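Asker: I would like the atomic coordinates for the input below:
(one chain, ligands or ions: 1)
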Amino acid sequence: MDAVAPLPCQRHLFEVPDEISYLDAAAWSPFPLSVRAAGEAGLLVKSRPWAHPREAVQAQAERARAAAARLIGATADDVAIVGSVSHAMATVAANLAVAPGGRVLRVADEFPSLCYAFDRLARASGLIVEEVPRPEDGDWTASLLAAIGRPGAPPLTIATLTPSHWTDGGLIDLDRLAPAVHAAGAALVIDATQAAGAVPVDVGRWRPDFLAFPTYKWALGPYALAFLYAAPHRQDGAAIEENIGNRPPATGARRYDRGELNDPVLLPMAATGLELLLSFDVSAVADRLRRLTDLLADGLVGLGLSALAADLRAPNILGLRAPGGLSPGLVDRLRQDGVYVSERSGALRLSPHVWADERDVERCVAALRRAL
Ligand SMILES: Cc1ncc(COP(=O)(O)O)c(C=O)c1O
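Answerer: The predicted model follows:
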């Protein structure tokens with residue numbers, strides 16, 4: 001395979017000040033200037049509707065849908081526009097017909113938006129929910145493969161998986177897991193929130209039944225907008241909020257579109273963020289983020305923090321743990337030094353995106369040395 005050309009830092013496209021190291025894309029990302037401009041233009045449309053043709057907003061929905069589809073290797077007809085990942089997952093759970101007695105499989109400490117709808121489905125349909133515990137050796141993929149194939153276990157009905165653990169970037173290798181889920185005859189539901197826009201996501205490779213991601217993190221867009229890919233054989237269901245846009249004659253994944261779809265603010269913002277990402281090669285984004293998270297991991301050696309080995313973590317998120325837990329107030333102390341990160345489930349989560357560079361790594365390492 002040809003090596004991808006390195007992606008330079010894209011800070012000039014954002015308004016992140018020089019003295020701020022914003023390493024919290026896994027929580028929410030700043031808008032690129034172009035996305036902000038698209039939102040401001042959208043506000044004007046709704047302020048003066050007489051001056052703007054309403055049909056133009058429908059075109060923005062299709063523009064956003066097409067860009068989201070390209071980002072995940074899908075066609076636009078297979079992508080619905082929804083309001084959040086939890087909205088997507090409620091739709092998925094409402095449209096999976098399951099026989100009782102099987103298992104829903106997921107990792108422990110999974111993000112709630114990927115749990116509640118399936119907990120409800122399991123209760124209503126007589127399924128067992130199995131949570132694979134956090135592996136001591138950090139190898140989620142091996143633990144999940146073992147759980148999928150465990151002799152004597154109830155049949156696997158649904159696997160709800162993500163490409164990495166949202167708390168610390170622990171790799172969940174879907175290239176290896178997706179074939180095992182398919183071989184077990186189970187439905188594969190993927191939450192690509194912490195991947196789409198940062199690392200390659202390809203529905204052709206993983207063949208999920210459903211896959212969802214929002215725009216407000218790695219996809220550089222607004223809140224209140226997410227996309228739901230539905231495989232062609234999963235498009236005959238119904239939305240949880242039936243409305244004039246998603247009833248017949250709507251076909252394909254548009255059957256799951258949200259109500260009040262034609263928002264002149266959110267749609268052009270989402271499309272602009274997605275198109276910006278598409279103008280890069282997402283593999284080059286992943287390579288860049290891998291280099292930055294590796295540099296962070298190297299720079300922090302000797303501070304009493306541990307990270308997963310490079311081959312057991314995603315390129316875009318570095319989780320750091322301390323033996324007795326993180327020092328209280330650490331996130332606030334770093335913030336006072338201009339370094340923005342999060343703590344999730346006991347891990348200090350560092351998540352740079354395309355605006356970050358080596359200076360941010362140096363500032364973060366220096367701030368952590370001071371703080372600890
Ligand atoms: C793995 C994962 N899924 C989903 C979400 C967002 O879910 P929702 O769109 O339902 O708020 C997050 C947010 O942090 C997340 O980390």
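
Asker: Next, Lys343: phi, psi?
Answerer: Not Lys; residue 343 is Glu. Glu343 has phi and psi values of phi -110, psi 130 when expressed as degrees, to the nearest 10.

Asker: So it sits against Leu326, correct?
Answerer: Yes: checked against C-beta atoms under 8 Å, the pair Glu343 and Leu326 is within contact range at 6.1 Å. The C-beta positions use only the backbone N, C-alpha and C, and glycine is treated the same way.

Asker: what's the closest non-adjacent residue to whichever residue of the stretch 251-372 of the chain sits closest to the ligand?
Answerer: Here the residue of the stretch 251-372 of the chain nearest the ligand is Arg344; by C-beta to the nearest ligand atom that distance is 8.5 Å. Spatially, and ignoring its direct neighbours in sequence, Arg344 is nearest to Thr167 (4.1 Å; C-beta to C-beta, 6 or more residues apart in numbering).

Asker: Count the residues that sit near the one you found.
Answerer: Thr167 has 22 neighbouring residues, counting by other C-beta atoms under 10 Å.

Asker: Ala99 too?
Answerer: 10.

Asker: Need phi/psi at Arg106.
Answerer: Residue torsions, per degrees, to the nearest 10, at Arg106 are phi -160, psi 170.

Asker: I figured it hits Ile128, correct?
Answerer: No: with contact defined as C-beta under 8 Å, Arg106 does not count as touching Ile128 (11.7 Å).

Asker: Comparing these two, which residue is more hemmed in?
Answerer: Arg106 (25 against 14).

Asker: Could you check the pLDDT of the residue lying closest to that one once chain neighbours are set aside?
Answerer: Closest residue to Arg106 apart from its sequence neighbours, by C-beta to C-beta, 6+ apart: Thr160 at 4.8 Å. pLDDT for Thr160: 99.

Asker: where's Thr160, which helix or strand?
Answerer: Using DSSP states H and E, Thr160 sits in strand 156-161.

Asker: So that strand, near the ligand or not?
Answerer: No: Strand 156-161 does not reach the ligand (C-beta under 6 Å from any ligand atom); its nearest approach is 10.5 Å.

Asker: can you list contacts of that strand?
Answerer: 89, 96, 98-99, 102-107, 110, 114-115, 118, 121, 127, 144, 148, 172, 174, 177, 181, 184-191 (C-beta atoms under 8 Å, 6 or more residues apart in numbering).

Asker: Just the residues contacting the helix or strand that it is followed by, thanks.
Answerer: Next helix or strand after strand 156-161 toward the C-terminus (DSSP H and E): helix 174-183. Helix 174-183 is contacted from outside by 141, 144-145, 148-149, 156, 159, 161, 163, 188, 190, 205-208, using C-beta under 8 Å, 6+ apart.

Asker: one more time with 6 Å, if that's ok
Answerer: Thr141, Leu144, Leu145, Ile148, Ala159, Pro163, Leu188, Trp206 (C-beta atoms under 6 Å, 6 or more residues apart in numbering).

Asker: how about those, which pair is most distant?
Answerer: Ile148 and Pro163 (16.5 Å; C-beta to C-beta).

Asker: Any idea how many residues pack against the nearest residue to Asp294 once chain neighbours are set aside?
Answerer: With sequence-adjacent residues excluded and distances taken as C-beta to C-beta, 6+ apart, Asp294 is closest to Ala310, at 6.2 Å. Residues lying near Ala310 (other C-beta under 10 Å) number 14.

Asker: what do you get for the one 5 residues further on?
Answerer: Burial measure for Pro315: 24 neighbouring residues, criterion other C-beta under 10 Å.
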